[in-house]
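J.: Sequence below, structure please.
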Amino acid sequence: MNKAIFFDRDGTLNSNKEHYYVWKVGDLRLNPGVPEALAKLKSRGYMLIGITNQGGISKGEYTTEDVEGFHKALLEALCQDGAGLDEIYYCPHHDSNENCLCRKPLPLMIEKAMARFNIDPALSYMVGDAPRDMEAGKAAGLKTILIESNSDLRNILNKIH
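T.: The predicted model follows:
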């Protein structure tokens, strides 16, 4: 079985300091230490997977194409620095418009990735900057690491073996 680290996107991998919704490619700003931390974790044998709520799609703030364009730019930026994500899962729903089973704090996005990539939850982690990230990780059987929003991601390296 594989081991993985699941990352929230906004506030964890990329900065959300000036925006509630981050979806424009021009607003992409990696948080400090992200490329170095991801490269180091990849060298330790972890799969790296993004898990993000994107309720702005449901609310009409932006489109699926906008999110996928942002994710493409994010992946390209990470690859330029020798890091990368193996996959990104996102929930396009919002509680104000519909009920769904994939929006964090529910664990369905994580569970889908675990099934697809044969990931052992006992060897895996969820890293995020919000209680809902921790709830989703715990519900999927992962160890969890809560970080301060927009902080240096290298700070987690000593917490992951």
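J.: The residue lying closest to residue 141 once chain neighbours are set aside - how many residues pack around it?
T.: Counting by C-beta to C-beta, 6 or more residues apart in numbering, residue 141 lies nearest to residue 121, which is 3.6 Å off, once chain neighbours are set aside. Placement of C-beta: from N, CA and C, glycine included. Residues lying near residue 121 (other C-beta atoms under 10 Å) number 20.
J.: before we move on, what about the one 3 residues further on?
T.: A total of 25 residues lie near residue 124 under the criterion other C-beta under 10 Å.
J.: can you pull the contacts of it?
T.: 3-6, 46, 114, 142-143 (C-beta atoms under 8 Å, 6 or more residues apart in numbering).
J.: ok, which stretches of this structure are strands?
T.: 3-7, 46-53, 87-91, 125-128, 143-146 (DSSP state E).
J.: Mind listing the strands the last one pairs with, and their directions?
T.: Meaning strand 143-146. Within its sheet, strand 143-146 is paired with strand 125-128 (parallel), according to DSSP bridges.
J.: Tell me where this structure has helices.
T.: 34-43, 64-80, 108-117, 131-139 (DSSP state H).
J.: rounded to a whole number, what's the mean pLDDT of the third one?
T.: Think helix 108-117. Helix 108-117 carries an average pLDDT of 98.
J.: helices or strands up against it?
T.: strand 3-7, strand 46-53, strand 87-91, helix 131-139 (3 or more C-beta pairs under 8 Å, 6 or more residues apart in numbering; DSSP states H and E).
J.: which stretch among the helices of the chain comes nearest residue 153?
T.: Minimum separation from residue 153 across these (C-beta to C-beta) falls at helix 34-43, 4.1 Å.
J.: so residue 2 sits right up against residue 119, yeah?
T.: Yes. The pair residue 2 / residue 119 is scored as a contact, 4.9 Å apart, by C-beta atoms under 8 Å.
J.: Which neighbours do those two have in common?
T.: Joint contacts of residue 2 and residue 119 (C-beta under 8 Å, 6+ apart) are residue 47.
J.: Could you check how far residue 45 is from residue 113?
T.: 16 Å (C-beta to C-beta, to the nearest Å).
J.: if you count what's nearby, which of those two comes out ahead?
T.: Set residue 45 next to residue 113 and count neighbours by other C-beta under 10 Å: residue 113 wins out with 22 against 10.
J.: Fine by me, we can end here.
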